[in-house]
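K.L.:
Predicted structure and sequence below. I'll ask about it afterward.
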Amino acid sequence: MLEIIVAAFLAFGIFFMFVGAVGLLRFPDFYTRLHATGKCDTLGEALIIAGLLLYHIFHYPQTPLVCVKLLFLIVFIFITNPTATYALMRSAYKTGVKPWKLGDERQ
Amino acid sequence: MKGKGFGILVTFCVMFLFWLLLSGIFDALHLTAGLICSAIIALISHDMIIKGDEEKILSKSFKLAIYIPWELWQIVLANFDVAYRVLHPKMPIDPLIIEFDTTLQSDLALVTLANSITLTPGTITIGITNGRFCVHAIAKEPADSLTVDKTMQQKVADVYMEW
Amino acid sequence: MDVLLKVFLIVGLVIVFTILLCTYRAVVGPGIFNRVVAVNVIGTKTIVLLVLIGYYFERPMFFDIALLYAMLNFIATLVFAKYVQRGDVCSR
């Protein structure tokens, strides 16, 4: 039972990471590529590490402090990935990278 | 009991708590090293972490703890939406840039709203100047849910009590 | 529980494959911003790979290394964005 839950978390996490990488290749513009990676990477990582957290609680119950460390990692990823995305987007907008409208060519 | 001393004390306690939780070893050498490092960091940078003029912190933290599960559900919906747009053979995107005003003033409320907009379906914040948000949206429907519905701004204003 | 350990190995290999997909954007991407986004994404995927390897080879050291690398990746992206926008990092 535990194996099925952990494998489900890992499968969803891997699916979102794969979608993030494919979005980085397929989208036609810098701003839309940031849409794909900023959202999908964060959730994919959080799901994989949450699955490993469940595995740790049930398989190694004698070291509970590692769970706190992994929980810090999840909270840190949720706060800093959107902030880095916002910083990159603002600096590109102020430096003059042009957004893509429907009907232009790929960049 | 506000002022410099309060800020230093709270920063020292939080840093020492992080040290204890992350190391897991409780003998004399490591505890002394933790106390010295926490004291140095609290003396150098106490005014970056605790601002000193926040009020009603307990009720704000409680409302934030209620806001977070709704936020997580929106994040999951957002990612299914992005996955649909990436894997569709015709790639239905139509990017546009919109601007709108908010009534939030404090720094923490603006940061929460900007992070929520970045993590929810189809929108990313570009810039904030004097309460005016500039947002890049990937299609028409997510942009409408920010300017026409205004559900997210209402919820964040409820958390920080700044209508 | 070595069924789950084999699953960790397969997941790790799929993550390495997605990292190889991202290096295409790091090499080709027209301009410097696309390359920096690709490097940030590769760093994020490396954090997950470190935690998985820590569980597969049974070394609890790797979780601390993953936490440190998350912080370094974030600071590097912020410093680059500030440098391109302003022209220098420390404004004194």
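P.N.:
That came through fine.

K.L.:
Might you enumerate the residues of chain A proximal to chain B?
P.N.:
Near chain B, the residues belonging to chain A are A:15-16, A:19, A:22-23, A:26-27, A:29, A:31-32, A:34-36, A:38-40, A:42-43, A:63, A:65, A:68-69, A:72, A:78-79, A:82-83, A:85-86, A:89-90, A:93-94, A:99-102 when assessed by Cβ under 8 Å from any Cβ of the partner chain. Where C-beta positions appear, they are placed from N, C-alpha and C, glycine not excepted.

K.L.:
which of the residues you listed are close to chain C?
P.N.:
With Cβ under 8 Å from any Cβ as the criterion, the members of those in contact with chain C are A:V22, A:L34, A:T63, A:K69, A:F72, A:T83, A:R90, A:K94.

K.L.:
mind listing which of those are in helices?
P.N.:
A:V22, A:L34, A:K69, A:F72, A:T83, A:R90, A:K94 (DSSP state H).

K.L.:
got a winner among those residues for most neighbours?
P.N.:
A:L34 (26 neighbours; other Cβ atoms under 10 Å in any protein chain shown).

K.L.:
I'd say it and A:Y86 touch.
P.N.:
No: with contact defined as Cβ atoms under 8 Å, A:L34 does not count as touching A:Y86 (9.4 Å).

K.L.:
ok, back up a step: greatest separation within the ones next to chain C among the residues of chain A next to chain B: which pair is it?
P.N.:
Using Cβ to Cβ, these reach their maximum pairwise distance at A:T63 and A:K94, which is 47.0 Å.

K.L.:
related to what we said a few turns ago, redo the ones in helices among the ones next to chain C among the residues of chain A next to chain B as a markdown table? Include pLDDT and distance to C:V11.
P.N.:
Below are those laid out as a markdown table (pLDDT from 0 to 100; distance: Cβ to Cβ, whole Å):
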| residue | pLDDT | distance to C:V11 |
| --- | --- | --- |
| A:V22 | 92 | 17 |
| A:L34 | 90 | 26 |
| A:K69 | 92 | 20 |
| A:F72 | 93 | 22 |
| A:T83 | 94 | 27 |
| A:R90 | 92 | 34 |
| A:K94 | 91 | 39 |
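
K.L.:
Quick check: the residue nearest to B:T151 when sequence neighbours are not counted vs B:A78, distance?
P.N.:
Closest residue to B:T151 apart from its sequence neighbours, by Cβ to Cβ, 6 or more residues apart in numbering or on different chains: B:S145 at 7.2 Å. Computed as Cβ to Cβ, to the nearest Å, the B:S145 to B:A78 distance reads 11 Å.

K.L.:
got it, and B:A33?
P.N.:
If you measure B:A33 against B:A78 using Cβ to Cβ, the figure is 43 Å.

K.L.:
Then B:S59?
P.N.:
Taking Cβ to Cβ as the measure, B:S59 falls 28 Å from B:A78.

K.L.:
Please say which of these two ends up with more neighbours.
P.N.:
Taking neighbours as other Cβ under 10 Å, B:S59 and B:A78 compare with B:A78 leading, 21 against 11.

K.L.:
That one contacts B:T120, doesn't it?
P.N.:
Yes: in terms of Cβ under 8 Å, B:A78 counts as a neighbour of B:T120; the distance is 5.1 Å.

K.L.:
Stretch B:30-46 and chain A in contact?
P.N.:
No: contact of stretch B:30-46 with chain A (Cβ under 8 Å from any Cβ) is absent, the minimum separation being 13.3 Å.
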